[in-house]
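*Asks:* Structure for this input, please:
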Amino acid sequence: MKRHAHRAGPAWKGLVLFALLALVGCDRSPEAHRFEGPIFGTGYHVTVYGDFSDRQLASLKDGIDDALEDVDRLMSTYKPESELSRFNAAPVGEPFALSPPTAQVIDEAIEIGELSNGAFDVTVGAAVNLWGFGPDKRPDEIPSDAEIAEALEEVDFRALHLNGNRLTKTKPVYVDLSGIAKGYGVDHVAARLDALGVTSYLVEVGGEIRTRGTKPGGEPWRVAVEKPVSRERSVQRVLELEDVAVATSGDYRNYYEEDGRRYSHTIDPRTGRPITHHLASVTVVAEQCSTADGLATALEVLGPKKGMALANREDIAAYFIVKTDEGFTTELSDAFHAYLAEPPSEGGEQ
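*Replies:* Numbers count the residues shown, from 1 in each chain. Modelled structure (predicted):
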């Protein structure tokens, strides 16, 4: 069987947003300070504006690294010693004490699961692993119907019961927070910067972004939605953001092919199979990056029609890029229009 794999590191999600560093960096003022480093199998970039001493800048860098490492240590499925991995290995029916950050993420994940009627389900891990997009090795063969049905027996976010910081599973489930934890990592860094008195910043982790304030002169932060093509990086649309977060879910940077068929890393928890519709990417703007992250995944699973219906019903700011025979088209929810910058350049939206 002919195989082709295209993966963007560990399956924290397809990454299809990026800060316009050429734009945020066009001001050569010494007040602009940038930090970067590896995390979550991808990387982070943080830009802050302010008058900081060298000692303060070192403290900011340490705070950013510590915040992201905290999330990785708690919520990674790639680390057997992580809090999440230990919960996954814990017995059914036994309350497991979670740290406040993990409990917060689980609570929001359950809420988004209910909102989307199971299109977002953090217990989809068994199916994700079956298809080879988790920490397990990719299978030699495409999973059979019987294997998928067996994996689906362990997919049910309603089997999770959170009481305060104590989480209990009522049947064997494998929790995978990759559809929301990276967004929470962005929020965790933002909270650390807020606590350190930073009033103008952009935090980006693997394409998920949160902003505070504006750049000097009142200029908003500008963020690009990337065109959903796997072999290049080019701008589809530019957003202008202030005190909000943005996340995108897309399937074109993490997939594999077999016998000419493409298998997306985005698994529909309701079927146990990769999505097959033509929604190439979903971008969501929200107050919290974890919210944007989880909602983008849910809407991507739902597809263009049901996803847009949910976005408009729940006042979610969402931007869809849909693949057609002629290329790509875009659809915007009612709440999304407020974040658009100038119209795209020639060759952008079609």
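
*Asks:* From here on, just use CA atoms for contacts and neighbour counts.
*Replies:* Noted.

*Asks:* What number of neighbouring residues does the nearest residue to F336 once chain neighbours are set aside come out with?
*Replies:* Leaving aside its sequence neighbours, F336 sits nearest to A317 (CA to CA, 6 or more residues apart in numbering; 4.1 Å). Neighbours of A317 under the rule other CA atoms under 10 Å: 23.

*Asks:* swap in G179?
*Replies:* Burial measure for G179: 25 neighbouring residues, criterion other CA under 10 Å.

*Asks:* I'd like the distance between it and G50.
*Replies:* The gap separating G179 from G50 is 33 Å, by CA to CA, to the nearest Å.

*Asks:* same thing with G327?
*Replies:* In terms of CA to CA, G327 sits 43 Å off from G50.

*Asks:* These two: which is more packed in?
*Replies:* Between G327 and G50, G50 has the larger neighbour count (other CA under 10 Å), namely 16 against 9.

*Asks:* Please state the backbone phi and psi of that one?
*Replies:* Main-chain torsions, G50, degrees, to the nearest 10: phi 160, psi 170.

*Asks:* Check E240 too.
*Replies:* When read as degrees, to the nearest 10, the backbone of E240 gives phi -120, psi 120.

*Asks:* Can you give me the buried ones in the longest helix anywhere in the chain?
*Replies:* Under DSSP state H, the helix in the chain containing the largest number of residues is helix 54-75. By neighbour count on 16 or more other CA atoms under 10 Å, the buried set for helix 54-75 is 57, 60-61, 63-65, 67-68, 71-75.

*Asks:* hang on, the earlier thing: close enough to count as contact, the residue nearest to F336 and A335?
*Replies:* Yes. At 4.5 Å, A317 counts as touching A335 under the criterion of CA atoms under 8 Å.

*Asks:* thinking again about what came up before, for the longest helix of the chain, what is the average pLDDT?
*Replies:* Across helix 54-75, pLDDT averages out at 97.

*Asks:* From the contact counts, what lies against that helix?
*Replies:* Secondary-structure packing of helix 54-75 (3 or more CA pairs under 8 Å, 6 or more residues apart in numbering; DSSP states H and E): strand 32-39, helix 83-89, helix 100-115, helix 181-195.

*Asks:* backbone phi and psi for the residue positioned nearest the centre of the chain, please?
*Replies:* The residue lying closest to the centre of the chain (CA atoms, centre = their mean) is D293, at 4.1 Å. Main-chain torsions, D293, degrees, to the nearest 10: phi -60, psi -50.

*Asks:* distance of it from V282?
*Replies:* 10 Å.

*Asks:* any residues in contact with both of these two?
*Replies:* 248-249 (CA atoms under 8 Å, 6 or more residues apart in numbering).

*Asks:* which stretches of the stretch 151-300 of the chain form strands?
*Replies:* 160-163, 166-169, 201-205, 208-212, 221-226, 235-241, 245-250, 255-258, 261-264, 267-268, 273-274, 279-286 (DSSP state E, counting those that start in this stretch).

*Asks:* I appreciate the help and will end here.
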